[in-house]
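Please work out how this folds:
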Amino acid sequence: MGDHGLRRPARRHAVGGRPVGRYPRRAPAVHRWRHVVHRLLVAVRPGSESRDADRGTCPAGRRCGRDDPRLARLAAHEPAHVRAGKAIGLWSGAGGLAAAVGPTLGGVLVDAWGWRALFLINIPVGLAILIGARRLAGRPAGRRLTPDVLGSVLLAAGVGAIVLGATEGQSWGWSDARTLVSLAGGVVAVALAVTRSRHHPAPAIEMSLWRNRSFAATNLASLLYGASLYALLLIGVLVLTQVWHYSVLRAGLAVTPGAFTAVVGAVVGGRLIEKRGPRPVLIVGALLMAAACVATVAWLPVTPNFLGLWLPVGLVIGLGMGAVAVATNSAAALNAPPVRFAGAIGLNTTARQVGGALGIAALAVIQTSRAGHGLSPFTWVYVWAGVTAVGSALAALAIAKSDTSAVVPLQPTTVEGAAR
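Next comes the predicted model:
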């Protein structure tokens with residue numbers, strides 16, 4: 001899951017965010033065609049098991065709307081009266097609703113038709129989105145700059161190599177040449193991409209955004225949030241199926257309630273951001289996740305206790321997840337000019353996905369090192385998730401306090417007009 005499911009989205013969001021901002025009509029179609037073809041190839045490939053299939057009962061396996069930089073461009077064309085916080089709150093809420101349906105639907109599909117159905121179901125969905133993408137606005141008027149292709153390749157390869165080394169380090173060995181080459185090579189590739197981006201007119205990385213302290217802090221908070229989020233989502237399924245011996249379908253149903261409260265957290269958080277700014281919403285949401293982790297470490301039993309522990313903890317985690325998701329997206333957007341809105345969201349999502357891959361890698365290390373120690377392999381993952389959630393809240397302290405007047409309506413704009 002960490003290797004195949006997170007490495008590619010992480011590098012894709014960073015590179016895809018900028019072209020989406022300039023070519024809002026073509027980019028969704030290109031990305032969706034690639035997604036449809038990939039799902040078809042995975043579904044028909046030989047083999048009885050797949051690491052990708054593990055994503056069927058876990059919301060982490062869903063490509064939720066809140067993780068897609070293409071929607072950021074759509075939000076930039078909303079009517080003037082739609083405020084940024086509310087727009088992103090509804091956007092994140094839609095992603096949360098998809099995550100609520102995903103685990104149950106995934107459990108039903110696996111139970112009835114096997115893991116291949118998880119990929120086949122994406123084909124009609126992808127085709128429907130392709131048709132809908134044709135209704136988007138066309139290219140913006142004005143001069144168009146050619147994106148830095150070499151810088152984008154270096155960035156994609158660097159992020160992929162770093163995440164590869166982190167996720168495979170446990171199985172390869174941390175001193176193994178493959179691990180060291182992956183990590184070192186990834187760092188060098190990213191450094192080269194950063195160097196090119198300092199001078200290129202259409203860089204792969206918007207370096208000017210990183211000069212903003214609040215934007216940098218937002219991405220650090222997103223990275224730590226992803227490290228906590230993905231570890232929580234996967235360890236929850238493992239507890240249900242390996243400790244409490246739930247079936248795949250029952251495990252999917254058990255994790256669904258938290259996804260519904262994530263919708264509530266996203267929508268309510270978006271409204272609060274209009275009045276208070278994203279910082280307090282992010283801090284409170286991250287601390288809610290940490291508190292739920294503490295409760296789980298303290299009271300996780302060997303025998304099932306759904307109503308007494310799992311349900312209330314899951315509801316609190318979901319509420320915190322929704323609040324942090326909308327707050328990080330809003331903070332990234334509000335610290336970027338309109339023409340760089342999609343790029344800011346893409347970079348923010350990249351940080352979350354890379355953090356998620358590192359979180360899954362940490363989970364694998366903990367599970368392996370603590371194997372045979374009862375509940376210890378599971379409770380220590382909750383400790384990791386709680387610590388990284390607290391780290392996300394601490395990183396949010398560096399985000400500048402937002403005056404309520406700073407949360408302004410998102411005005412329709414063009415690339416040329418915003419540049420002027």
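
what about stretch 240-253, how long is it end to end?
One end of stretch 240-253 sits 11 Å from the other (Cα to Cα, to the nearest Å).

Other residues contacting that stretch?
56-57, 103-108, 110-111, 237, 254-255, 302-304, 375, 378 (Cβ atoms under 8 Å, 6 or more residues apart in numbering). (Glycine included, C-beta is placed from N, CA and C.)

buried residues in it?
240-241, 243-244, 246, 248-253 (16 or more other Cβ atoms under 10 Å).

just stretch 320-338 next, same as before
Taking 16+ other Cβ under 10 Å as the neighbour-count basis, stretch 320-338 is seen to contain the buried residues 320-336, 338.

Quick one: distance of that stretch to the chain centre.
On the basis of Cα atoms, centre = their mean, to the nearest Å, stretch 320-338 sits 12 Å off its chain's mean C-alpha point.

what's the model's confidence in that stretch, averaged?
Averaged across stretch 320-338, pLDDT comes to 86.

Stretch 147-157 now?
Computed over stretch 147-157, the mean pLDDT rounds to 88.

Domain-wise, how is this structure divided?
2-146+206-404, 148-203 (automatic domain parsing).

Going by mean pLDDT, which of the ones you listed comes out lowest?
Comparing those on mean pLDDT, the least confident stretch is domain 2-146+206-404, scoring a mean of 76.

Not counting sequence-adjacent ones, nearest residue to residue 265?
In space, not counting the residues next to it along the chain, residue 265 is nearest to residue 322; the distance is 2.6 Å by Cβ to Cβ, 6 or more residues apart in numbering.

What separation do you get for that neighbour and residue 225?
Applying Cβ to Cβ, to the nearest Å, the value for residue 322 to residue 225 is 12 Å.

still on that earlier bit, pick the most deeply packed of the domains of the chain.
Per-stretch averages of neighbours, counted by mean count of other Cβ atoms under 10 Å, single out domain 2-146+206-404 among the domains of the chain, with a mean of 21.

Quick one: the helices in the stretch 101-250 of the chain, in order.
Per DSSP state H, counting those that start in this stretch, the stretch 101-250 of the chain carries helices over the ranges 117-120, 122-133, 149-172, 177-197, 207-210, 213-238, 248-276.

Would you reformat these as TSV and include distance to residue 346?
Putting the helices of the stretch 101-250 of the chain into TSV (distance: least, Cβ to Cβ, whole Å) gives the following:
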stretch	distance to residue 346
helix 117-120	25
helix 122-133	17
helix 149-172	11
helix 177-197	14
helix 207-210	10
helix 213-238	11
helix 248-276	19
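
Would you mind saying which of those helices lies nearest residue 287?
Checking the helices of the stretch 101-250 of the chain against residue 287 by Cβ to Cβ gives helix 213-238 as the closest, at 11.5 Å.

and the angle from the closest one to helix 248-276?
160 degrees (axes from the mean of the first three to the mean of the last three Cα atoms, to 10 degrees).

what helices or strands is helix 213-238 leaning on?
helix 248-276, helix 278-299, helix 311-334, helix 341-369, helix 376-396 (3 or more Cβ pairs under 8 Å, 6 or more residues apart in numbering; DSSP states H and E).

Save these as TSV, and put in distance to residue 155 too.
Conversion of these to TSV gives the following (distance: least, Cβ to Cβ, whole Å):
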stretch	distance to residue 155
helix 248-276	29
helix 278-299	26
helix 311-334	18
helix 341-369	9
helix 376-396	22
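
Of all those, which one is nearest residue 173?
In terms of Cβ to Cβ, the element of those nearest to residue 173 is helix 341-369, at 11.7 Å.

Helix 311-334 and the closest one, what's the angle between them?
140 degrees.

tell me the contacts of residue 229?
Going by Cβ under 8 Å, 6+ apart, residue 229 touches 60, 289, 321, 324, 352, 355-356, 359.

what would the residues you listed look like in CSV with distance to residue 128?
Compiled in CSV, these are given as follows (distance: Cβ to Cβ, whole Å):
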residue, distance to residue 128
60, 23
289, 33
321, 27
324, 30
352, 26
355, 30
356, 27
359, 31
